[in-house]
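**Student:** Model the following, please.
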Amino acid sequence: MPDSIPGYIGQSVPRREDKRLLRGEGLFVADIQIPNMLHVAIARSQLPHARIKDIDLSKALSAEGVELAISGEDILEHLPPISGMQLTTPPGYQERVDTDIQIPDQPLIPHEKVRFVGEPYALVVAKNRYLAEDAIEFISTNFDPLPPVATTDDALDRNAPLLHENLGRNVAAILHTKKGQGAEALKTAPHRLKRRF
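**Tutor:** Numbering: from 1, shown residues only. Next up, the predicted model:
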């Protein structure tokens, strides 16, 4: 680029938003207020892996300002899980690569088990954010803790607990391809590098 043409690379770009933000005039999604607007708070698992035995929403439903409290079981009555196998591999790819793909269906909110810390298991809709968050504390749960699967190595261990029992394994996809004489090339290569990623 000629020296006479100004550019942004290597230059300080003046900020235009600072004055507005420093004066407290910034507008964020949380600042938007619409008449009769409701707010959602989400109850999240504090366990890394657990079977959901029972979720009692009755106290949350009777809390001040609460319009709705639902669990994954309630949502399942109206919305089925999102299919994990909604993808198809292109025909050319299928001819070159052996695939064994098992992607689990994803419920909008889990109803059988939670699989990570922070996974939602219920939600509360209330007249304001604070009432919704307060009502979350009234949800009574009965979780059966299961051994966590914290790392890839843990997941691949033969004795690892299954995150999705219906799949029979903790591996979502196995892909195998062969092109050329890879094994022969490795045998005769002057240098080989082995790393774990």
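**Student:** C-terminal to whichever strand or helix holds D134, what's the next element?
**Tutor:** Taking DSSP states H and E as the criterion, D134 maps to helix 129-136. Per DSSP H and E, helix 129-136 leads on to strand 140-145 as the next helix or strand towards the C-terminus.
**Student:** what residues does that following strand touch?
**Tutor:** 43, 45, 47, 49-56, 59, 114, 121 (C-beta atoms under 8 Å, 6 or more residues apart in numbering). No exception for glycine: its C-beta is placed from N, CA and C like everyone else's.
**Student:** Helices of the protein, residue ranges please.
**Tutor:** 18-22, 58-61, 72-76, 91-96, 129-136, 152-156, 182-188 (DSSP state H).
**Student:** lowest-confidence helix or strand of the chain?
**Tutor:** Of all helical and strand segments in the chain, the minimum by mean pLDDT, DSSP states H and E falls on helix 91-96, at a mean of 74.
**Student:** Now do that helix: distance to the chain's middle.
**Tutor:** For helix 91-96, the separation from the chain centroid amounts to 30 Å (computed by C-alpha atoms, centre = their mean, to the nearest Å).
**Student:** Keeping just the C-alphas, turn it into PDB.
**Tutor:** The C-alpha coordinates for helix 91-96 follow below in PDB (Å, rounded to 0.1, in the frame of the first residue of the first chain):
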ATOM      1  CA  PRO A  91     -22.000 -38.500  -1.400                       C
ATOM      2  CA  GLY A  92     -18.300 -37.900  -2.400                       C
ATOM      3  CA  TYR A  93     -17.300 -37.800   1.200                       C
ATOM      4  CA  GLN A  94     -19.100 -41.100   1.900                       C
ATOM      5  CA  GLU A  95     -17.100 -42.800  -0.900                       C
ATOM      6  CA  ARG A  96     -13.700 -41.700   0.600                       C
END
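**Student:** Great, nothing more from me.
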